[in-house]
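Colleague: Sequence and predicted structure below; questions after.
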Amino acid sequence: MLDRLQAQSPDALLALIKLYAADPRPDKVDLGVGVYRTGQGDTPVFAAIKAAERKLVDEQDSKAYLGPEGDMGFVEALMPYIFGAEDPSMGGRVQGMQTPGGTGAVRLAVALARAAGIRRVFMGTPSWPNHAQILADLPLDMVAFDHDNDDGTANVDAVLAAIANAQEGDAILLHGCCHNPTGIDYTPEQWDAIAAALATSKALPIIDVAYQGLGHGMEEDAYGLRKVLASVPEALIAYSCDKNFGLYRDRVGAFYVMAKEPGQLDAIMSNAASLARANWSMPPDHGGAAVRLILTDPALTTMWLDELDTMRARMRQVRDRLAAAGTAGAVDMTPLGIQNGLFSMLPLSKEQIATLRSEHAIYMAGSGRINVAGLTSGNIDKFIDAVAAVSA
Ligand code: PMP
């Protein structure tokens, strides 16, 4: 039976990690893996997380099952950051549950949309590759539109056209901020136009927020999401804490529904709970519990927000430096200055990317995506020179 299975192509980024690890050159540069790095190239555990984990070890008195919804204290403590401190439940219309990472939240959002009768999902491309994989796995049809223009800005006409074309049974998947892989976010004015278009569209918005706080700030990065939610009757939200709390392997995420009426939430969430049970039963507890302890302790909250500010400032510094370089060979670096988050795309060919690796020990995804946090004051000049050399 199992011999019927065809070999699947390995995850390209995981293959890159192995190549990087095996490279003996001391000045090698890893721009592939999607984790934040300090100026020293490390991905440390946040001090706020360490403090919360100590508290958790001291205070947690049971590891008995919690249920498919996970740690509801965690789910609710996040809501003011996502939906706004003024009315975090949006008049009782928002409810959520914990998920295994943002991936679990995306999976649950699209599975629930499918259960509700959604058949097609409009999505800007390029996108995080797992979006298409999850849609194919359910299955749901994907209708692609161009996320970006060649000049490094968002293609707002394409998203508006997609929204205008959407019919009953369609959803649209949008990145809330810090678009992966392009770093190209809609401007506030573009979000205003998107929200206005969604207000009269049949498309169900599914908004994936995986990098809140890594772009311009926790509040600023919620602008698009909140604008859309204020304009539409219902929406699904997938959230990841794996980047903004540095919890990657602990798999911390949440899924939220904004319903038309508070009275609909019980039925909707019972469907979400049932899908979660069939997929993973319950989310892992540890990371979510640590986030809850941070968000319910003002001193730890301040510590976390300060660490997040430091991360964001460092990525901004790298982006400013790249933008200030202007062009590197044939590559215009200036758009990277207005892009957000961990990622940007460089218009390099497969051959140029391979040469960066073989001749300059610079490792980046075959798509041209770079993790800007992989650049430091020690390697950024080398990187700019190498891009100039391969693209000249
Ligand atoms: N959505 C997007 C756009 C992402 O980039 C990622 C992570 N790379 C996720 C969701 C999933 O994040 P997590 O690691 O929390 O599963």
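Modeller: Structure received.
Colleague: what's residue 193 in contact with, if anything?
Modeller: Applying Cβ atoms under 8 Å, 6 or more residues apart in numbering, we find residue 193 in contact with 156, 160. Any C-beta I mention is one placed from the backbone N, CA and C, and that applies to glycine too.
Colleague: and the helix or strand containing it, C-alpha only, in PDB?
Modeller: Residue 193 belongs to helix 188-199 when elements are defined using DSSP states H and E. Included here for helix 188-199 are C-alpha records, laid out as PDB according to Å, rounded to 0.1, in the frame of the first residue of the first chain:
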ATOM      1  CA  PRO A 188      -3.200  52.900   5.400                       C
ATOM      2  CA  GLU A 189      -4.900  54.600   2.400                       C
ATOM      3  CA  GLN A 190      -4.800  51.400   0.500                       C
ATOM      4  CA  TRP A 191      -6.300  49.500   3.500                       C
ATOM      5  CA  ASP A 192      -9.100  52.100   3.600                       C
ATOM      6  CA  ALA A 193      -9.900  51.300  -0.100                       C
ATOM      7  CA  ILE A 194      -9.700  47.600   0.500                       C
ATOM      8  CA  ALA A 195     -12.000  47.900   3.600                       C
ATOM      9  CA  ALA A 196     -14.500  50.000   1.600                       C
ATOM     10  CA  ALA A 197     -14.500  47.400  -1.200                       C
ATOM     11  CA  LEU A 198     -14.900  44.500   1.200                       C
ATOM     12  CA  ALA A 199     -17.900  46.300   2.700                       C
END
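Colleague: Who does whichever helix or strand comes after that helix pair with, and is each partner parallel or antiparallel?
Modeller: Stepping forward along the backbone from helix 188-199, the first helix or strand reached (DSSP H and E) is strand 204-209. Strand pairing for strand 204-209, using DSSP bridges, gives strand 170-175 (parallel), strand 235-240 (parallel).
Colleague: can you give me the angle the helix holding residue 193 makes with strand 204-209?
Modeller: Note on geometry: by axes from the mean of the first three to the mean of the last three Cα atoms, to 10 degrees, helix 188-199 and strand 204-209 are set 150 degrees apart in direction.
Colleague: chain center to helix 188-199: distance?
Modeller: Relative to its parent chain, helix 188-199 has a centroid offset of 20 Å by Cα atoms, centre = their mean, to the nearest Å.
Colleague: Repeat that for stretch 233-253.
Modeller: For stretch 233-253, the distance from its own C-alpha centre to the chain's C-alpha centre is 8 Å (Cα atoms, centre = their mean).
Colleague: Is any residue of that stretch near the ligand?
Modeller: Yes. With Cβ under 6 Å from any ligand atom as the threshold, stretch 233-253 lies in contact with the ligand, specifically through 240, 242, 253.
Colleague: now the end-to-end length of that stretch.
Modeller: End-to-end distance for stretch 233-253: 24 Å, by Cα to Cα, to the nearest Å.
Colleague: got the buried residues for it?
Modeller: With burial defined by 16 or more other Cβ atoms under 10 Å, the residues of stretch 233-253 counted as buried are 234-248, 250-253.
Colleague: Same check on stretch 312-332?
Modeller: The neighbour-count check on stretch 312-332 (16+ other Cβ under 10 Å) flags 312, 314-316, 318-319, 321-323, 325, 328-329, 331-332 as buried.
Colleague: Tell me the secondary structure at residue 309.
Modeller: Each residue gets one of three states, and residue 309 gets helix by DSSP: H, G, I helix; E, B strand; the rest coil.
Colleague: Right, I'll call it a day here.
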